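Colleague: Provide a 3D model corresponding to the input given below.
(chains A and B)
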Protein chains: 2
Amino acid sequence: MGQVYAHVGQKFGPRRYDVVVLGAGRMGALAAHFLMLARPQLNLLLLDRGGLPNEEGATILSPGLWTALDVPPERLEAAEFSRRLIVGDLVTEEGGLGPAGPHEAPTLRRGLIEWGPEEQAGGVPTPEVGEWPPGLLDPAQLFPARFDPQALTYSAAALTTRAAQSAVRAGADLMLNVEAWPTPTGVRLHRLSVTNTHEVVVHETHDVEAGQVVVAAGAEGPGLVEQALGAVTHHARAYRQLPRLNVPTGERTPVVRACGLTLRPQAGGFTVVPGIHHRDPHGYQPTGGRLSGVPVGVRRETLQDLLAAMEAVPALGTAALELGRSVGDVPGAWLALPEGGWPLHQPLTERHWLLLGGERADLVGPAAARALALGLTP
Amino acid sequence: MGQVYAHVGQKFGPRRYDVVVLGAGRMGALAAHFLMLARPQLNLLLLDRGGLPNEEGATILSPGLWTALDVPPERLEAAEFSRRLIVGDLVTEEGGLGPAGPHEAPTLRRGLIEWGPEEQAGGVPTPEVGEWPPGLLDPAQLFPARFDPQALTYSAAALTTRAAQSAVRAGADLMLNVEAWPTPTGVRLHRLSVTNTHEVVVHETHDVEAGQVVVAAGAEGPGLVEQALGAVTHHARAYRQLPRLNVPTGERTPVVRACGLTLRPQAGGFTVVPGIHHRDPHGYQPTGGRLSGVPVGVRRETLQDLLAAMEAVPALGTAALELGRSVGDVPGAWLALPEGGWPLHQPLTERHWLLLGGERADLVGPAAARALALGLTP
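Modeller: As a prediction, the model looks like this:
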């Protein structure tokens, strides 16, 4: 059983680790889990700037959607391994984490229906595809298209927590509320604490040697390794907002895709997941748009996507859609856009690795984290 | 002969025009020219926030490059009409503006060579393609690919000035240094003047009625019509920087295209024209990147394109490339990205039109301005 350093009251002594994993979001936590599985004697530190899960990271906002419709043939094996991990079908020796616990958001086989702009061969008639709220969609605007009855929704945050807990059970140390930077010999840590006046301050600094450093800092990873190591990569990032659509949903409501938007049933309503069209430029600060001249919290590019989908999904044109008044009102996070679009790991120096998930971590994140673990294992 | 209102000392009386063209950049000036050609009795006002050309607009930085390689079959007629206007081949009745004057940047048939990642059938051997500076390119990295011996370079700013002058000669009024907004009945004008302390202030305000209003404000057009008229469009914009590459060039140096960059010989060196990959999000402020940790004026996205081209074009890796220290050091402008990528006009209300050029105004801008003029003519 490893040590958990959740706050600065817990004295931190170690000066060397075999591996430090920088970032305990989905990719970092899964990497730590698979590393401990492959090398049980490993001396590993998993750390994160926030808690587990980090409230400001992308993992907690991930749609948690797995559908075979999104998997190209060359990713089938990685996607199938990931699916088995998600539903709890893997045995412990394969890296299984077991099913979601009784207090976690459940993994549900909801099915997903995807409407294209044209009727597709083999399309499924709308009424057969489960239950959804009346008034959500305009059937006249939508043709039955593709249906995946096996599509799953799950909680990426819960999966991440289980992966981190598994790593700790296997002997990894976990440190939370710590800022970290790769250094030529390992990492530098700034343990953070909160003052009486709610200021976050650096409580203490540690230089830790590490045999290997895995940077799994999500959208911040590429910038971090460039700043700290001078390692230039061509990955990018985008700020994705996920507005809430308050139309009643249940456990049998399928995931709906139309006009490039994914509507993910969640907590009795829908989370609207817009597509990622392109990276955001360096230096971009998320900015709310305007609707009929009134400032709202949703960025303009996403507003355009919502407007374009309004005919097919009339509910988007009602007060059920929460647009907020400023950016802070709308759930959103920076998403890594790994070059090529799929989760990946890459060596940066003899000591440092970059691990990136991004939009498709929902599909193949676990397999990508395992691939890194096998790549690092001597 | 129309009246030119260049400064607020010139009293402005009129309260009504048949047509007001808002923006005297390339598209607006050409539209005014073609409108006066089609309807010589027209009572027309052409106006601009700056001078002619506006130092802050996109026209003055336009590469001014016309090559048949960029023209798809369905745009051939528009491109050919535009080419004839550019080289001075059109007669006056067709809208001809004559050739460039003796004091203007000349229109030159330089030719353009474009290297792709692979050797192409019918490729032209490198040595036959004109003169270019030694050391600019690495032939081992480049295969002879496509060559357009007829490719032209010209000054879009000079063409714009000639078009505006032609409109004034035909009777149009021209007002410079004026901010303008479309109103339901015409336009509101703020004539600007400069104080002793170099502050720009509003000197006087006029409401002018107009039968038709053409908004030709470049990248600002869509935002302007949305704010002023509530007309939502799906056009976008991008901030394009054109760094200078100080490698000696002459009148016989061809235009060079490699790795997605266009090197346009200009004023004894090259202007580097990066490709436009995607729109910039609403609210983006251009931001310089960093090279080996040092802040430079070129934005990060363009730096990546330059880095990617450095092997094929080694000159980009030398001090000959001016990267600047901050954004203001590098020539750049907001470029309209009309939906579909080609210059267009569209009706907004019964009175208002939007005219957009963008990246391909170099190829077909004159034909697009003429199409608007014919569309407005009763």
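Colleague: How is the closest residue to chain B within the stretch 51-200 of chain A assigned, secondary-structure-wise?
Modeller: Distances between the stretch 51-200 of chain A and chain B by C-beta to the nearest C-beta are smallest at residue A:181, namely 13.9 Å. Yep, even glycine has a C-beta here, placed from its N, CA and C like the rest. Going by DSSP: H, G, I helix; E, B strand; the rest coil, the secondary structure assigned to residue A:181 is strand.
Colleague: biggest helix in chain A by residues?
Modeller: helix A:361-376 (DSSP state H).
Colleague: Now residue A:160, what are its backbone angles?
Modeller: phi -60, psi -40 (degrees, to the nearest 10).
Colleague: Residue A:308 now?
Modeller: phi -70, psi -30.
Colleague: Need the pLDDT of it.
Modeller: pLDDT, residue A:308: 90.
Colleague: What count of nearby residues applies to it?
Modeller: 14 (other C-beta atoms under 10 Å in any protein chain shown).
Colleague: That one contacts residue A:259, doesn't it?
Modeller: Yes: using C-beta atoms under 8 Å, residue A:308 makes contact with residue A:259 at a distance of 5.8 Å.
Colleague: List the beta-bridge partners for the residue of the stretch 51-200 of chain A closest to chain B.
Modeller: residue A:188 (DSSP bridges).
Colleague: contacting residues for it?
Modeller: A:187-188, A:224, A:227-228 (C-beta atoms under 8 Å, 6 or more residues apart in numbering or on different chains).
Colleague: Could you rank those residues by neighbour count and give me the top one?
Modeller: That'd be residue A:187 among the contacts of residue A:181, by other C-beta under 10 Å, with 24 neighbours.
Colleague: for that one, what are its contacts?
Modeller: A:20, A:22, A:47, A:180-181, A:207-208, A:210, A:213 are the contacts of residue A:187 under C-beta under 8 Å, 6+ apart.
Colleague: Mind doing that once more with 10 Å?
Modeller: Counting by C-beta atoms under 10 Å, 6 or more residues apart in numbering or on different chains, residue A:187 touches A:17, A:20-22, A:45, A:47, A:178, A:180-181, A:206-210, A:213, A:215, A:228, A:352.
Colleague: What of residue A:192?
Modeller: Residue A:192 neighbours (C-beta under 10 Å, 6+ apart): A:7-8, A:49-50, A:176-179, A:200-204.
Colleague: same thing but 7 Å
Modeller: A:177-179, A:200-203 (C-beta atoms under 7 Å, 6 or more residues apart in numbering or on different chains).
Colleague: Which strand or helix spans it?
Modeller: For residue A:192, the host element (DSSP states H and E) is strand A:186-194.
Colleague: Does residue A:85 touch residue A:367 like I think?
Modeller: No: look at residue A:85 against residue A:367 with C-beta atoms under 7 Å: they stay out of range, at 8.3 Å.
Colleague: Between these two, point out the one with more neighbours.
Modeller: Set side by side, residue A:85 and residue A:367 show more neighbours around residue A:85, with 26 against 22, by other C-beta under 10 Å.
Colleague: How about the more buried one: what's its closest non-neighbour residue?
Modeller: residue A:366 (4.4 Å; C-beta to C-beta, 6 or more residues apart in numbering or on different chains).
Colleague: can you list the domain ranges for chain A.
Modeller: A:1-108+A:151-235+A:338-378, A:112-149+A:237-335 (automatic domain parsing).
Colleague: Could you tell me how many residues sit around residue A:67?
Modeller: The number of residues near residue A:67, taken as other C-beta under 10 Å, comes to 23.
Colleague: residues contacting it?
Modeller: A:112, A:148, A:151.
Colleague: rerun at 10 Å
Modeller: Residue A:67 neighbours (C-beta under 10 Å, 6+ apart): A:79, A:83, A:110-112, A:114, A:146, A:148, A:150-153, A:255, A:257, A:262, A:362-363.
Colleague: now swap in residue A:253 and tell me
Modeller: A:108, A:110-111, A:130-133, A:136, A:153, A:247, A:263-266, A:268-270.
Colleague: Take the contacts of residue A:192 and, keeping just the buried ones, write it as a ChimeraX select command.
Modeller: Only the buried entries of the contacts of residue A:192 go into this ChimeraX selection, using 16 or more other C-beta atoms under 10 Å in any protein chain shown:
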select /A:177,178,179,203
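Colleague: ok, which pair from the contacts of residue A:192 is furthest apart?
Modeller: Across these, the longest distance by C-beta to C-beta is 12.8 Å; it joins A:178 and A:201.
Colleague: Which neighbours do those two have in common?
Modeller: Contacts common to residue A:178 and residue A:201, judged by C-beta under 10 Å, 6+ apart, are A:8, A:190-192.
Colleague: What average pLDDT does the longest helix of chain A get?
Modeller: Mean predicted lDDT for helix A:361-376 stands at 97.
Colleague: List the buried residues in that helix.
Modeller: So, applying 16+ other C-beta under 10 Å, buried residues of helix A:361-376: A:361-373, A:376.
Colleague: How about stretch A:148-158?
Modeller: For stretch A:148-158, using 16+ other C-beta under 10 Å, the buried residues are A:148, A:151-158.
Colleague: Give me the average confidence score over that stretch.
Modeller: 94.
Colleague: What's the end-to-end length of that stretch?
Modeller: 24 Å (C-alpha to C-alpha, to the nearest Å).
Colleague: And stretch A:57-65, by the same measure?
Modeller: End residues of stretch A:57-65 are separated by 17 Å (C-alpha to C-alpha).
Colleague: how distant is the longest helix of chain A from the center of its chain?
Modeller: 13 Å (C-alpha atoms, centre = their mean, to the nearest Å).
Colleague: CA atoms of that helix as PDB?
Modeller: The C-alpha atoms that make up helix A:361-376 are tabulated as PDB, following Å, rounded to 0.1, in the frame of the first residue of the first chain:
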ATOM      1  CA  ALA A 361      -9.700   9.000 -24.500                       C
ATOM      2  CA  ASP A 362     -13.300   7.800 -23.900                       C
ATOM      3  CA  LEU A 363     -12.900   5.200 -26.600                       C
ATOM      4  CA  VAL A 364      -9.300   4.000 -26.200                       C
ATOM      5  CA  GLY A 365      -7.700   5.900 -23.300                       C
ATOM      6  CA  PRO A 366      -7.200   2.700 -21.200                       C
ATOM      7  CA  ALA A 367      -5.400   0.900 -24.000                       C
ATOM      8  CA  ALA A 368      -3.200   4.000 -24.700                       C
ATOM      9  CA  ALA A 369      -2.200   4.200 -21.000                       C
ATOM     10  CA  ARG A 370      -1.400   0.500 -21.000                       C
ATOM     11  CA  ALA A 371       0.700   1.000 -24.200                       C
ATOM     12  CA  LEU A 372       2.800   3.600 -22.400                       C
ATOM     13  CA  ALA A 373       3.200   1.300 -19.400                       C
ATOM     14  CA  LEU A 374       4.500  -1.500 -21.600                       C
ATOM     15  CA  GLY A 375       6.700   1.000 -23.400                       C
ATOM     16  CA  LEU A 376       8.300   2.100 -20.100                       C
END
